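*Asks:* test case, fold it:
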Amino acid sequence: MTVAPRPSILAVEPYVGGESKLPGVNRIVKLSSNEGAFGPPPGAVAAITKVATEAHRYPDGGATALREAIGARHGLDPARIVCGNGSDELIALLIMAYGGEGTELIMSAYGFQMYELTGLWAGCRVIKVPERDLTADVDAMLAAVGPRTKLVFLTNPNNPTGTLLPQSEVARLRAGLRDDILLAIDSAYAEYVTDPGYDAGATIVDATDNTVMLRTFSKIYGLGGMRLGWAYASPAIVDVLGRVRGPFNVNAAAAAAGIAALAEPGWVERSVAHNTEWRRRMTEALGAIGLPVRPSEGNFVLVDFRDGDRAARADAHLRSRGLIVRGMKGYGLPRYLRVTIGNAEECEMVIEALTDFVRTDG
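*Replies:* Reported below is the predicted structural model:
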């Protein structure tokens, strides 16, 4: 090949999303990507359908109505909100704008893989800091900071472990970083958190000029297929994101769906109640058959099979019943399987299948 990319590009292994197909299986239950248990809100579906008749029109380049709806829902200034083609795009824009060749990006060992992949693509040196009991270790992250550190990413609650860093620890992390280091708090699972002391990041963003809160419509609003995320940041960071993002990075259908989803009566409350209940039931039922489940504040649980071979056998057993969950070998956690909290029937199917697995596997 005569035209070569930057060397850092070839160091990137493409991200592999949760599987959705199984050969020879009629009914497939996908519980591998932490998608909302109830699909998209009815109002969002109607909004997408309506917008289809105007697909020849360009969308609002500033996503003005969407930002206003987000601001009204969360009590935030719309002028400090930037919307993106999923939060993945916003992650990439932040890394591209503030990182790059000669810089360092710090993340916890089991943080969201897109930080590492995008950081490598941009040419950053990515430092994955060991965790403490599958939870981000603030002291270790601060100790990893060097003169070239420009970005720190924290997923809270974390994916795939489900663990939550207390607000006091998040504040301590920010306070321990230099002013020229950007802290990105990725709160994709914020709506599912039941801890009353939790803050998704807006408080720290408001108190600083160098922090970003990232959010998504892919989880509780069930709009993963629309690719819609948003960031809340200081005016200076918003200005930078506005310079590097595409002029029409949020399509019209996604924007309309997001606005409608935010207005769906009782959607978040119903989804949170269901998730809290079935997360508890799943944890208790699997624990009772000898499969410990890590405490989780997301819409998923991390099930411990003690060793990688047993986890692989359990995965195969689930697949034989049409149940697709997420193996954690790629995250360096081969003894675990991550299971999304689906609807009640789907959760019962997982419990029944794993109960049968324990009985037959020993």
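*Asks:* what about the protein, any weak spots by pLDDT?
*Replies:* Within the chain, the stretches with pLDDT under 70 are 1, 13-26, 362.
*Asks:* again, only using 50
*Replies:* For the chain, no stretch is flagged by pLDDT under 50.
*Asks:* can you give me the strands in it?
*Replies:* Under the criterion DSSP state E, strands of the chain are mapped to 29-30, 81-84, 104-108, 125-129, 149-155, 182-186, 211-216, 229-233, 300-304, 323-324, 326-327, 336-340.
*Asks:* dump these to TSV, plus distance to residue 41 and mean neighbour count.
*Replies:* Using the backbone N, CA and C atoms, a C-beta is placed for each residue, glycine as well. Output for these, formatted as TSV (distance: least, Cβ to Cβ, whole Å; neighbours: other Cβ atoms under 10 Å):
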stretch	distance to residue 41	mean neighbour count
strand 29-30	19	20
strand 81-84	18	26
strand 104-108	32	26
strand 125-129	36	18
strand 149-155	25	25
strand 182-186	23	25
strand 211-216	15	26
strand 229-233	17	26
strand 300-304	20	25
strand 323-324	24	23
strand 326-327	25	22
strand 336-340	18	26
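*Asks:* okay, how far is it across stretch 209-219, tip to tip?
*Replies:* End-to-end distance of stretch 209-219: 28 Å, with Cα to Cα, to the nearest Å as the criterion.
*Asks:* list the residues that contact residue 247.
*Replies:* Going by Cβ atoms under 8 Å, 6 or more residues apart in numbering, residue 247 touches residue 61.
*Asks:* rerun that using 10 Å as the cut-off
*Replies:* Counting by Cβ atoms under 10 Å, 6 or more residues apart in numbering, residue 247 touches 58, 59, 61, 62.
*Asks:* then residue 46?
*Replies:* 40, 256, 257, 260.
*Asks:* if we go to 7 Å?
*Replies:* Residue 46 sits next to residue 260 when contact means Cβ atoms under 7 Å, 6 or more residues apart in numbering.
*Asks:* how much space is there between it and residue 227?
*Replies:* Per Cβ to Cβ, to the nearest Å, residue 46 is found 19 Å from residue 227.
*Asks:* how much space separates the most centrally placed residue in the chain from residue 158?
*Replies:* Closest to where the C-alpha atoms of the chain average out (Cα atoms, centre = their mean) is residue 188, at 4.5 Å. Using Cβ to Cβ, residue 188 is found at 10 Å from residue 158.
*Asks:* cool, residue 211 as well?
*Replies:* 18 Å.
*Asks:* bridging residues for the residue nearest to the residue nearest to the centre of the chain when sequence neighbours are not counted?
*Replies:* Leaving aside its chain neighbours, residue 188 sits nearest to residue 216 (4.7 Å; criterion: Cβ to Cβ, 6 or more residues apart in numbering). With DSSP bridges applied, the residues forming beta bridges to residue 216 are residue 229.
*Asks:* I'd say residue 216 and residue 87 touch.
*Replies:* Yes - if you go by Cβ atoms under 7 Å, residue 216 and residue 87 touch, sitting 4.6 Å apart.
*Asks:* shared neighbours of the two, anything?
*Replies:* Residues touching both residue 216 and residue 87 (Cβ under 7 Å, 6+ apart) are 188, 229.
*Asks:* which residues touch residue 353?
*Replies:* By Cβ under 7 Å, 6+ apart, the residues touching residue 353 are 317, 318, 321, 323.
*Asks:* is it possible to export those residues to CSV including distance to residue 183?
*Replies:* As requested, these are arranged in CSV below (distance: Cβ to Cβ, whole Å):
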residue, distance to residue 183
317, 41
318, 37
321, 43
323, 37
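*Asks:* brilliant, that's me finished.
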